[in-house]
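*Asks:* Return a 3D structure for these sequence lines:
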Amino acid sequence: MEYRSYGGKAPSVRSMAPSVYSHHSRMTTRSSANLRSTHSMRSVVIPWYQKPIVQDAFFIDIQRASMLTACYTLFLGFFTLFMAAFDIYCLAEAAPGSTHYGYYIISFEFVYVGNMHVRNCLVVFSLFSLIGSVALIVTSIMLIVALRKEYEGRMVPWLYCMFAFTAWRFFAFVFASIVNDLYFGYNLFMCLAWIVFTVVSCYGWILVYSLYLELTDLTKLEDLAHLRMGTMHSLNASIAHSIGGSRPTTPHSAISATPIH
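*Replies:* As a prediction, this is how the structure comes out:
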């Protein structure tokens, strides 16, 4: 068996190209295309449910697309925050039986004033959308930081939050579009806007989830490579120790072993 030296230093997988987003010592440009030709990638069988759903976006790679998704969800969080607060304000101002005096910039004719239970449902949808938007803003900021340094573990809160937020807003805007009169421009605009937001949110979640799976797989490969290198270093050390212990290693021991005539 032949043992080669690499200048006194063990080869490391961290010596690959720097990240698109970060110049830290951590191996950050971790694309499966860079490691797909290695023996480790061939030896690891990835289950179908752990494979990335998409490999890239339409015109850009999946890393940049995920960063754009994070910026989009940050905007969506602020948009939902203001719109939910506005809806709660309008429902409170246009409550049946309430009387207001003075001049108002807007008219509240577009606000639903029918069945009390339906109004309460609209208030609940707006209230929980308000809370969800705050959570989405926080997790979107966490996602931006995680994407810059490619820490896949910090992407998990956004994945859960965005999944729940998108599902909640889908049912909320469908319910609001049914009970509200789409004759008014505000109600029609919110219906069309949330159709677009829902489609973009679903596709953005798929992009980030695919990147998360890819980074998770490559992290496992890194750990496997480090484990193999550690095993080789231990084997080299044990062989060197056994060879060194079976023969004299100093001039003094060689002289003392020579018989005197």
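
*Asks:* Could you list the low-confidence segments of the stretch 151-261 of the chain?
*Replies:* Low-confidence regions of the stretch 151-261 of the chain, defined by pLDDT under 70, span residues 221-228, 230-261.

*Asks:* Contact partners for Gly204?
*Replies:* Ala65, Ser66, Thr69, Tyr72, Thr73, Met162 (CB atoms under 8 Å, 6 or more residues apart in numbering). To be clear about C-beta, it is placed using only N, CA and C from the backbone, and glycine gets the same treatment.

*Asks:* 10 Å - rerun?
*Replies:* Neighbouring residues of Gly204 by CB atoms under 10 Å, 6 or more residues apart in numbering: Ala57, Ala65, Ser66, Leu68, Thr69, Ala70, Tyr72, Thr73, Leu76, Met162, Thr166.

*Asks:* need the next SSE after the one helix or strand the second one maps to, C-terminal direction.
*Replies:* When elements are defined using DSSP states H and E, Ala65 is found to belong to helix 62-93. Sequence order places helix 116-149 as the next helix or strand after helix 62-93, per DSSP H and E.

*Asks:* Can you mark which positions in that following helix are buried?
*Replies:* 119, 121-122, 125-126, 129-130, 132-133, 135-137, 139-140, 142-144, 146-148 (16 or more other CB atoms under 10 Å).

*Asks:* likewise stretch 196-211?
*Replies:* Phe197, Thr198, Ser201, Gly204, Trp205, Leu207, Val208, Tyr209, Ser210, Leu211.

*Asks:* repeat for stretch 67-75
*Replies:* So stretch 67-75, judged by 16+ other CB under 10 Å, has buried residues Met67, Thr69, Ala70, Thr73, Leu74.

*Asks:* I'd guessed Ser66 sits against Leu143; true?
*Replies:* Yes. The criterion here is CB atoms under 10 Å, and Ser66 meets it with Leu143 at 8.0 Å.

*Asks:* shared neighbours, the two?
*Replies:* Met155, Val208.

*Asks:* mean confidence for the helix holding Ala65?
*Replies:* Confidence for helix 62-93, expressed as mean pLDDT, is 93.

*Asks:* which of the residues in that helix are buried?
*Replies:* 62-67, 69-70, 73-74, 76-77, 80-81, 83-84, 87-88, 90-91.

*Asks:* quick check: angle from it to helix 116-149?
*Replies:* Relative orientation of helix 62-93 versus helix 116-149 (axes from the mean of the first three to the mean of the last three CA atoms, to 10 degrees): 150 degrees.

*Asks:* Show the contacting residues for the nearest residue to Leu182 once chain neighbours are set aside.
*Replies:* Leaving aside its chain neighbours, Leu182 sits nearest to Leu188 (4.8 Å; criterion: CB to CB, 6 or more residues apart in numbering). For Leu188, the contact set (CB under 10 Å, 6+ apart) comprises Phe110, Ser177, Asn180, Asp181, Leu182.

*Asks:* The second one - that's part of a helix, no?
*Replies:* Looking back up the chat, that one is Ser177. Yes. Checked against DSSP: H, G, I helix; E, B strand; the rest coil, Ser177 lies within a helix.

*Asks:* Now do the SS call for the residue nearest to it when sequence neighbours are not counted.
*Replies:* Counting by CB to CB, 6+ apart, Ser177 lies nearest to Cys191, which is 4.4 Å off, once chain neighbours are set aside. Of the three states, Cys191 takes helix under three-state DSSP.
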